[in-house]
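Undergrad: when you get a sec, could you give me coordinates for this:
(one chain, ligands or ions: 1)
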Amino acid sequence: MRALDRFFEKKWPLALMDIAQVAIVCIAMVGGVAAKAADYTGPILDAHLHYNVEAWDGQAGPHPPADVLARMQRNGVRAIVSNSRPNDGTKLLAASPLARQAGVTVVPFIRLYRNRADYDSWFKDDSIYDMVLAEYAAGTASGPFKGIGEFHLYDSANANGPVAKKLMAFAEAKQLAVLAHVDDAAIDLLMANAPSKGQALRLVWAHTGIGGAPVARVDALLARYPLLMGELSYRPGLTCPDTQGREALCPEWRALLLKYPGRFVLGSDTWINQRWQYYDPLMQGYRQWLGDLPPEVARQIAWGNGAKLLGLPDPAP
Ligand SMILES: [Zn+2]
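TA: Numbering: from 1, shown residues only. Presented below is the predicted three-dimensional model:
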């Protein structure tokens, strides 16, 4: 910038040297802007994906396996956490030869819902616990289940429901990840219900609190529970679109991601079919704000953290 200042202070005509200096500064500035705006181009692990019955509907729905796998493939999504209401959708994807062809690793999670009514009672329903045990014993065509969830707790006190307690103990014993759509109070309760009191429970906080828990509170929870991870779909306050309408990280969230680069993952949360329709711009938006981060941090959030959690190797090029 000093050369620019000198440029404006100088009287015309400029010495040739000054012009060269200004040109170098201008190129550096343009280069700097371009580098900041460069999208992340590496692999993505979609750590929060649903393949619910209305998407495929016995393969007659609008998004059969070929459709959703093509969406993943063209967006560089190389692995997914699949869970579905009921679990048949996940099993369908896990068994599909198209997944391998698309270069997508399907990591199955056990959903706690057979139907919509289960959302409100799973935490006290022993038939859900029995279902989880049966699904876990059976596994899928792409291998064993590696997690449970996503589940919801609309009232955090239900984290103390008898089945919720048993499932946290089960998950910890089997080293299963737990994908939980809950508030910050329920994070503490679920952790307290694990035998390790939260030190060994692999809890993935869906949306990192869809209600927008303050960044300081998220920070405190990450500090308290060493295996807690935050999934970032729908997270309020995460991005602040820039003047060109690009997705950019808001400053306090950028600082949090840099403070805990190993603790966040991405997700699409395809909870309704509309989310499948917008899968491309969703992933493009993630690639935009990931470009705000140092490349190694972007890759951790996009791929590495989830891959470590789920025991996946790097994808083939
Ligand atoms: Zn979800």
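
Undergrad: every contact and neighbour count from this point should use C-alpha atoms.
TA: Fine.

Undergrad: show me the strands in this protein, by range?
TA: Along the chain, the segments classed as strands by DSSP state E run 44-50, 77-83, 105-110, 147-152, 177-181, 202-205, 229-231, 264-265.

Undergrad: now mean neighbour count, distance to M283 and mean pLDDT too, for the ones you listed, in CSV please.
TA: Below are the strands of the chain laid out as CSV (neighbours: other Cα atoms under 10 Å; distance: least, Cα to Cα, whole Å; pLDDT from 0 to 100):
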stretch, mean neighbour count, distance to M283, mean pLDDT
strand 44-50, 27, 9, 98
strand 77-83, 26, 9, 98
strand 105-110, 26, 17, 98
strand 147-152, 23, 20, 97
strand 177-181, 25, 20, 98
strand 202-205, 25, 20, 98
strand 229-231, 26, 14, 98
strand 264-265, 26, 13, 98
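
Undergrad: just put those in a markdown table and tack on distance to S196.
TA: Formatted as a markdown table, the strands of the chain follow (distance: least, Cα to Cα, whole Å):
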| stretch | distance to S196 |
| --- | --- |
| strand 44-50 | 24 |
| strand 77-83 | 25 |
| strand 105-110 | 22 |
| strand 147-152 | 18 |
| strand 177-181 | 14 |
| strand 202-205 | 11 |
| strand 229-231 | 17 |
| strand 264-265 | 22 |
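
Undergrad: of these, which is nearest R116?
TA: Nearest of the strands of the chain to R116, taken as Cα to Cα: strand 147-152 at 11.4 Å.

Undergrad: what lines up beside the closest one in the sheet?
TA: Within its sheet, and counting by DSSP bridges, strand 147-152 is paired with strand 105-110 (parallel), strand 177-181 (parallel).

Undergrad: closest one to A255 among those strands?
TA: Short answer: strand 177-181, nearest of these by Cα to Cα, at 23.5 Å.

Undergrad: can you name the residues in contact with the closest one?
TA: The contact list for strand 177-181 (Cα atoms under 8 Å, 6 or more residues apart in numbering) reads 146-153, 171, 201-207, 209-210, 309-310.

Undergrad: swap in stretch 148-164?
TA: Defining contact as Cα under 8 Å, 6+ apart, one finds that stretch 148-164 is touched by 48, 83, 109-113, 119-120, 122-126, 128-129, 165, 171, 176-183, 185-186, 189-190, 193, 206.

Undergrad: tell me the buried residues in that stretch?
TA: 148-153, 156, 158-160, 163-164 (16 or more other Cα atoms under 10 Å).

Undergrad: pretty sure S142 contacts T90?
TA: No - counting by Cα atoms under 8 Å, S142 stays clear of T90, with 9.9 Å between them.

Undergrad: overlap of the contact sets of the two?
TA: Common neighbours of S142 and T90, using Cα under 8 Å, 6+ apart, are P108.

Undergrad: between those two, point out the one with more neighbours.
TA: Remark: of S142 and T90, T90 carries more neighbours, 29 against 19, as counted by other Cα atoms under 10 Å.

Undergrad: measure that one to L266 for me?
TA: T90 sits 19 Å away from L266, going by Cα to Cα, to the nearest Å.

Undergrad: can you list contacts of stretch 190-197?
TA: 159-160, 164-165, 168-169, 172, 198-199, 201.

Undergrad: M229: which of these is nearest?
TA: Of these, the one sitting nearest to M229 (Cα to Cα) turns out to be L201, at 10.4 Å.

Undergrad: tally up the residues packed near the residue lying closest to the closest one once chain neighbours are set aside, please.
TA: Nearest non-adjacent residue to L201, counting by Cα to Cα, 6 or more residues apart in numbering: E172, 5.3 Å away. By the criterion of other Cα under 10 Å, E172 has 20 neighbours.
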